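Colleague: With the sequence up front, the predicted model follows.
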Amino acid sequence: MDLDAIRQIATDAPARLGSVRTVADLEELESALIGRKSEVAAARRDLGNLDQDERAEAGRVLNEAFGSIKTAIARRRAVLELEAENTLLESDRADVTFPGVSVARGTHHLLTQTMDEVCDIFRAIGYQVAEGPEIELAWYNFDALNTPPTHPARFESDTMYVESFDGKQRTGEDELLLRTHTSPMQARFMEKHDPPVHVVVPGRVFRTDTWDATHSPVFHQIEGLAVDTNITFGDLKGTLAYFVKEFFGPAAKIRFIPHFFPFTEPSAEMLVWFKGDWLEMLGCGLVDPNVFDAVGYDPQNVTGFAFGMGVERLAMVRHGISDLRHFYENDLRVLRQFR
Ligand code: DAH
């Protein structure tokens, strides 16, 4: 057995390992140095054929050689693995000073902005905001609001009815429809809350209208209702005057002209003086005692006022928008003007 050759292999090993650049190459060299087919392994297998006295010396030399080669391999492996990791980190490095990819920022639609703003104006003086269902019972949309079965608004030429979905035969106050105004929430709210009540109700409403510059089968309203003891028409005027100055600016003036609504008595239409014109802005009045009866309030004890305004109308007047269809066509050139 050539023990000098074995010693030489062990002596040369660190230099050979030092020239290896990758872990894969290292593993190849490892098997050449101490793998099953290596000279060192062959010599260890031959130990058994040696004489007793030779065997001890050869065993010691082989063990030393094997041990020192293994240690050298482990050291080299640690270095190569660290280098590999550094290379990976280097190539994977993120430049945190590089400008990011900006996300396109959306904006609320002008109608949503308008509803939010109106609700905030009323919230500031103690009103709650409530919402109601868009599919409504004829009872709430009409009957509870003192609107008799023969009222023309109930005709299919004005109101869209919804087919019964539960197989139940629905007639009269039981019929389902797309609410034609936000006023049904007056009745729903009073049913659930005792007076005093101060509430505004934004929402979507539906009518059998053909699409043109001033009509749409779907539009938005905001309802208002205040009920307490001794509420007068003066309270209604004061509240709406405050609202109009907040919304249209301090120069806006208001005027009331008589009108008719089934659920208020007296009823009025409010006009706003804005940019040189008197413009019809909303319907309002003192809550009709029959409405209080319908919801279980005692008309002897409470009075109230109500109003209802069109959101599209408010936005069109304030921003000088001449065609209602601009609100629904989603033309970004229009929408972007109201960020
Ligand atoms: N609901 C009415 C409409 O859609 C508007 C309205 C008028 C609401 C008078 C009211 C009111 O609350 O008092 O035309």
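Modeller: Good, I have the coordinates.
Colleague: From the contact counts, what lies against the host helix or strand of residue 88?
Modeller: Element membership for residue 88, per DSSP states H and E: helix 52-91. The contact analysis (3 or more C-beta pairs under 8 Å, 6 or more residues apart in numbering; DSSP states H and E) places helix 52-91 against helix 3-18, helix 23-34, helix 39-46. In this view, the C-beta of every residue, glycine as well, is placed from N, C-alpha and C.
Colleague: Am I right that residue 103 falls within a strand?
Modeller: No - read with DSSP: H, G, I helix; E, B strand; the rest coil, residue 103 is coil and lies in no strand.
Colleague: Can you get me a residue count around it?
Modeller: Around residue 103 there are 6 other residues, counting by other C-beta atoms under 10 Å.
Colleague: swap in residue 246?
Modeller: 17.
Colleague: sorry, back to before: what about the helices and strands packed on helix 52-91, which gets the closest to residue 103?
Modeller: With C-beta to C-beta, the closest approach to residue 103 among these belongs to helix 23-34: 41.8 Å.
Colleague: what angle separates the closest one from helix 3-18?
Modeller: Going by axes from the mean of the first three to the mean of the last three C-alpha atoms, to 10 degrees, helix 23-34 is angled at 180 degrees with respect to helix 3-18.
Colleague: So which of the helices and strands packed on helix 52-91 is nearest the ligand?
Modeller: helix 23-34 (79.0 Å; C-beta to the nearest ligand atom).
Colleague: Now do the closest one: which elements does it pack against?
Modeller: Here helix 23-34 touches helix 3-18, helix 39-46, helix 52-91, going by 3+ C-beta pairs under 8 Å, 6+ apart.
Colleague: now what about it, what contacts it?
Modeller: Under the contact criterion C-beta atoms under 8 Å, 6 or more residues apart in numbering, helix 23-34 has outside partners 9, 13, 16-17, 20, 37-38, 40-41, 66, 69-70, 73, 76-77, 80-81, 84.
Colleague: For the ligand, what's the nearest residue on the stretch 151-300 of the chain?
Modeller: residue 283 (2.7 Å).
Colleague: Mean neighbour count for the helices and strands packed on helix 23-34 - can I get that in JSON lines?
Modeller: Listed next are those as JSON lines, based on neighbours: other C-beta atoms under 10 Å:
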{"stretch": "helix 3-18", "mean neighbour count": "15"}
{"stretch": "helix 39-46", "mean neighbour count": "16"}
{"stretch": "helix 52-91", "mean neighbour count": "14"}
